[in-house]
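Student: need coordinates for the below:
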Amino acid sequence: MGVISCNGIDSQKSENKTDVNTVFPKGEKITNNNFVGTVWLNYLVETDSTHNVNIGSVTFEPGARTNWHYHKGGQILLVTAGKGLYQEKGKPIEIIEKGGVVKCPANIEHWHGATPTDAMTHIAIGTNTNIGGAVWLKPVTDEEYNQISK
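Tutor: Numbers count the residues shown, from 1 in each chain. From the prediction side, this is the model:
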């Protein structure tokens, strides 16, 4: 991964690519098995030999989320719109909102996505991609997802 590596991005463009409430266009619908629900990705920067970073704007529709995964080089999430969820393995789910910043430590299993009722967009920055990208694991079950603290 890096950002949220999507080797199965749908080639069809989204009909609503430029929403006035978003910083970047929505991008393309993700069609691989590393996500549950409807998720859109707009790659902004892909890693190269000078910049060991991937950056993408990722939009999760309500209820959508990543699978459990970890990043060999870590990840930073900058929430640009909406309300979402973030959880590290063994810890409670955290609510993340517009303006929030999450530093995902290297090699720590986690997942992130929208709440059941709100969409969420974040800039995902895959750091230190020269040591490896994301390692995708099993889907977040509905039981795990619904453990949101009240």
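
Student: so for residue 45, what's the pLDDT?
Tutor: With respect to pLDDT, residue 45 scores 85.

Student: now do the contacts for it.
Tutor: Neighbouring residues of residue 45 by CB atoms under 8 Å, 6 or more residues apart in numbering: 51, 53-55. For the C-beta atoms, the positions are set from N, CA and C on the backbone; glycine is no exception.

Student: ok, 6 Å please
Tutor: Residues near residue 45 by CB atoms under 6 Å, 6 or more residues apart in numbering: residue 55.

Student: for it, give its distance to residue 24.
Tutor: 11 Å (CB to CB, to the nearest Å).

Student: my guess is residue 57 contacts residue 25. True?
Tutor: No: if you go by CB atoms under 6 Å, residue 57 and residue 25 don't touch, sitting 8.0 Å apart.

Student: higher neighbour count, those two?
Tutor: residue 57 (23 against 16; other CB atoms under 10 Å).

Student: just the helices from this protein, written as ranges.
Tutor: Remark: helices assigned in the chain by DSSP state H are 142-145.

Student: hey, which strand is longest across it?
Tutor: As assigned by DSSP state E, the longest strand anywhere in the chain is strand 75-88.

Student: tell me which residues in stretch 36-47 are buried?
Tutor: Neighbour counts over stretch 36-47 (16 or more other CB atoms under 10 Å) mark 36, 39-44, 47 as buried.
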